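Chemist: Sequence first, then the predicted structure, then my questions.
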Amino acid sequence: MRYKLVGNICTNKEGLEKLVFMSHLNPENKQIEIDMSQLKFLEANLMAVFGAILYEKLLQGFSVKLINMRKEIEDILKRNHFLGSNNQYFNPSETAMEFKIFTPEKEREFIDYINEQLLDRTQFPKMGSDYKKQIRSKIQELFANAVEHGAAKEIFCCGQHFPKKGVINFTIVNHGATIKDNVERFLNRSLDSEKAITWASKEGHSTASSETNPTRGLGLSLLHEFIMSNDGNLSILSNDGFWCIEKNKQYTCRIEKKFYGTIINIIINVKDTHNYEIINM
């Protein structure tokens, strides 16, 4: 079976749907070719989604080939180490963030990755050490929730700085129990995916049942506040639901094909001149 990726694939509902469709390819001969001849542009952070889907297809016994890749796309995928590269060591001054797969016991490595390739970038908005520490903690919660609630065995990450657009995109993906699965089980009632994501995104809402786990949502409260002030973008796709904060507005919608896991995208406006600090009252 050959599937064509066409046009521009960006970090939005339409771009994610093009990638999620690949997870539903199920040819009898177990042979899949991803034809990239008509792919004009692919935001490199979305290789976290791309990689998670291809990894899952390989685990299901499929053979997957990427064919007819344009040189400019191949170059960026070598630079972020999604494809094999002669450069063994990643250059931290790259506009690309390194494509990485973390297993649950690698949480310390995940924190180092977030520090080195996202929060400590010179382009990242200015913030005090306490504020940065809390942002780091909230991103760490995304990892912890993927493991605790999603029972994820792998967490896929990638990012990209787009100087012309003035943004840094970061994406974290896991396969496992969806937000809808966890919230429905916890509340013991049926919910649409969009409503389940909205519930889980609120501070203090948690599906953790252990007393040793702090009550928390998805770790999005401070990120929500930061993105609103930063004029950035925060989105979640899980099961057949899509939830997004953009231009200081929140909206939800249904997507055509289900994704059996969770995709979280953070888009940071690097033209932001605010200096973020924790205000103690």
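Modeler: It's in.
Chemist: what's the longest helix in the protein?
Modeler: helix 129-148 (DSSP state H).
Chemist: Pull out the buried residues from that one.
Modeler: Of the residues in helix 129-148, 131-132, 134-135, 138-139, 141-148 count as buried by neighbour count, 16 or more other C-beta atoms under 10 Å. Glycine gets a C-beta too; all of them are placed from N, C-alpha and C.
Chemist: Would you format the residues you listed as JSON lines with distance to Val6 included?
Modeler: Below are the buried residues of helix 129-148 laid out as JSON lines (distance: C-beta to C-beta, whole Å):
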{"residue": "Tyr131", "distance to Val6": "41"}
{"residue": "Lys132", "distance to Val6": "40"}
{"residue": "Gln134", "distance to Val6": "41"}
{"residue": "Ile135", "distance to Val6": "36"}
{"residue": "Lys138", "distance to Val6": "36"}
{"residue": "Ile139", "distance to Val6": "32"}
{"residue": "Glu141", "distance to Val6": "36"}
{"residue": "Leu142", "distance to Val6": "31"}
{"residue": "Phe143", "distance to Val6": "33"}
{"residue": "Ala144", "distance to Val6": "37"}
{"residue": "Asn145", "distance to Val6": "34"}
{"residue": "Ala146", "distance to Val6": "30"}
{"residue": "Val147", "distance to Val6": "35"}
{"residue": "Glu148", "distance to Val6": "38"}
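Chemist: contacting residues around stretch 73-89?
Modeler: Contacts with stretch 73-89, where a contact means C-beta atoms under 8 Å, 6 or more residues apart in numbering, come from 36, 39, 41-42, 44, 47, 50-51, 69, 90, 94, 96-99, 158, 160.
Chemist: Try it again at 10 Å.
Modeler: The contact list for stretch 73-89 (C-beta atoms under 10 Å, 6 or more residues apart in numbering) reads 5, 36, 39-45, 47-48, 50-51, 54, 66, 69, 90-91, 94-100, 158-160.
Chemist: Next step: these restricted to strands.
Modeler: 39-42, 66, 96-100, 158-160 (DSSP state E).
Chemist: Show me how to select, in ChimeraX, the buried members of those.
Modeler: Selection of buried members from the ones in strands among the contacts of stretch 73-89 for ChimeraX, criterion 16+ other C-beta under 10 Å:
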select :39,42,66,96,97,98,99,100,158,159,160
